[in-house]
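Undergrad: mind looking at a prediction? Sequence and model below.
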Amino acid sequence: MTKEATRRESLRKDGALHPDSKKVKSELFAKDTFFDPEDLAQVKYEMLRSIRTEKLSITKASQKFGLSRPSYYQSKEQFEKHGLMGLIPLKPGPKHAHKLTEDVILFVREQLEIMDRKDWENISRLVYEKFGKRVHPRSIARCIRLEKKTGEMVQ
């Protein structure tokens, strides 16, 4: 795999691949290989910079960097709140064990006391039967292990 392909795959995996990199028309990205039109965080930063330092209009800058006006406003807000890290897209999906609520964890603990061994698959099935929530057996096991390790209920 080439260096470019490896970088592209890494950006894709991290959710940081510019979906419309072909639309980036900025001279910076055309004349210097340091600037990567596929790197969404870099493109967003350069868009913000060009509006501030070159006094480009938001519409003009959005077109020049292949992004929408709402993308500009979102990027600006995130950059002001979090700096460069705000321009890196967050991974989609839940950020915590949202199905393993307090009542589910209490139920799991009860089941662990009843059982003579830890049968995560069976506990997963019981959770589904009682709460209607499909929770992977490894998620349940991980949650209980983390709870024991930290001494705190995981949420």
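TA: Arrived safely.

Undergrad: in this structure, what spans have low per-residue confidence?
TA: Within the chain, the stretches with pLDDT under 70 are 92-97, 152-155.

Undergrad: if we use 90, what do you get?
TA: Counting by pLDDT under 90, the ranges of the chain that qualify are 1-5, 7, 10, 12-16, 19, 32-33, 88-102, 115-118, 143-155.

Undergrad: name the residue closest to the centre of it, please.
TA: The centre of the chain sits closest to Lys91, judged by Cα atoms, centre = their mean, with a distance of 1.1 Å.

Undergrad: wait, that residue touches Gly15, no?
TA: Yes - using Cβ atoms under 8 Å, Lys91 and Gly15 qualify as a contacting pair, with a distance of 5.9 Å. (Glycine included, C-beta is placed from N, CA and C.)

Undergrad: which residues in the protein form helices?
TA: Taking DSSP state H, the helices of the chain run over residues 3-13, 27-31, 40-53, 58-64, 69-82, 102-114, 120-131, 137-150.

Undergrad: now those helices in a markdown table, with distance to Ser21 and mean neighbour count?
TA: Shown next, in a markdown table, are those (distance: least, Cβ to Cβ, whole Å; neighbours: other Cβ atoms under 10 Å):
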| stretch | distance to Ser21 | mean neighbour count |
| --- | --- | --- |
| helix 3-13 | 9 | 12 |
| helix 27-31 | 9 | 13 |
| helix 40-53 | 8 | 19 |
| helix 58-64 | 13 | 16 |
| helix 69-82 | 14 | 14 |
| helix 102-114 | 43 | 14 |
| helix 120-131 | 42 | 15 |
| helix 137-150 | 36 | 15 |
